[in-house]
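Q: quick one: sequence plus predicted model below, questions after.
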Amino acid sequence: MGQQEIPEIVIYTDGAARGNPGPGGYGVVLLSGSHRKELSEGYRLTTNNRMELMAAIAGLEALKVNPCQVTIYTDSKYVADSVTKGWLFNWVKIRFKGKKNSDLWIRFLEVYKRHNVKFIWVKGHASIPENERCDQLAVAASFLPGLPEDSGYQPDKY
């Protein structure tokens, strides 16, 4: 029996918050071969960084096969640098003491460790079609009626 090939997935992500904090949303485009899937969700009160991170989480959580070879394109230095520069793994060692968004980082780590994930930072609003689409999805989600609460957002920590 041959070794099973690991699926290659490309994920574009973006987050938005109007007011920061304010109503926010995230947008995700997943690409695998000829397959394409778009995801988005909005929240009543959140921050831009939380939505950027939620986009990465939602993209990884949508993957049905483990492991995958995943490339995530994000315009968020916060998300990309936290992982690629190793900050996140230091935060784990200090149990996120004094760090924002620990609820989401813990959730991120759960799905991140299932895959081989590479982050690539891209400049936002630079005419990268899939990044622009994620921005449209994120902003549109922030305007949806009856937005749910971002239960992990703690205004007193910001």
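A: Right, received. Where do you want to start?

Q: may I have the host helix or strand of Leu60 as PDB, with CA atoms only?
A: Leu60 is located in helix 48-61, with elements delineated by DSSP states H and E. Extracted in PDB, the C-alpha atoms of helix 48-61 (Å, rounded to 0.1, in the frame of the first residue of the first chain):
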ATOM      1  CA  ASN A  48     -10.200  43.600  14.600                       C
ATOM      2  CA  ASN A  49      -7.500  41.300  16.000                       C
ATOM      3  CA  ARG A  50     -10.100  38.900  17.300                       C
ATOM      4  CA  MET A  51     -11.700  38.700  13.900                       C
ATOM      5  CA  GLU A  52      -8.400  38.300  12.100                       C
ATOM      6  CA  LEU A  53      -7.600  35.300  14.400                       C
ATOM      7  CA  MET A  54     -11.200  33.900  14.200                       C
ATOM      8  CA  ALA A  55     -10.800  33.900  10.400                       C
ATOM      9  CA  ALA A  56      -7.700  31.600  10.700                       C
ATOM     10  CA  ILE A  57      -9.500  29.400  13.200                       C
ATOM     11  CA  ALA A  58     -12.600  29.100  11.100                       C
ATOM     12  CA  GLY A  59     -10.500  28.200   8.000                       C
ATOM     13  CA  LEU A  60      -8.600  25.500   9.900                       C
ATOM     14  CA  GLU A  61     -11.700  24.100  11.600                       C
END
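
Q: wait, Ala62 sits on Lys37?
A: Yes. Judged on CB atoms under 8 Å, Ala62 makes contact with Lys37 at a distance of 6.7 Å. Yep, even glycine has a C-beta here, placed from its N, CA and C like the rest.

Q: joint contacts of these two?
A: Leu30 (CB atoms under 8 Å, 6 or more residues apart in numbering).

Q: what about the residue nearest the centre of the chain, distance to Ile120?
A: Nearest to the geometric centre of the chain sits Ala56, at 2.0 Å (CA atoms, centre = their mean). Separation of Ala56 from Ile120 (CB to CB, to the nearest Å): 12 Å.
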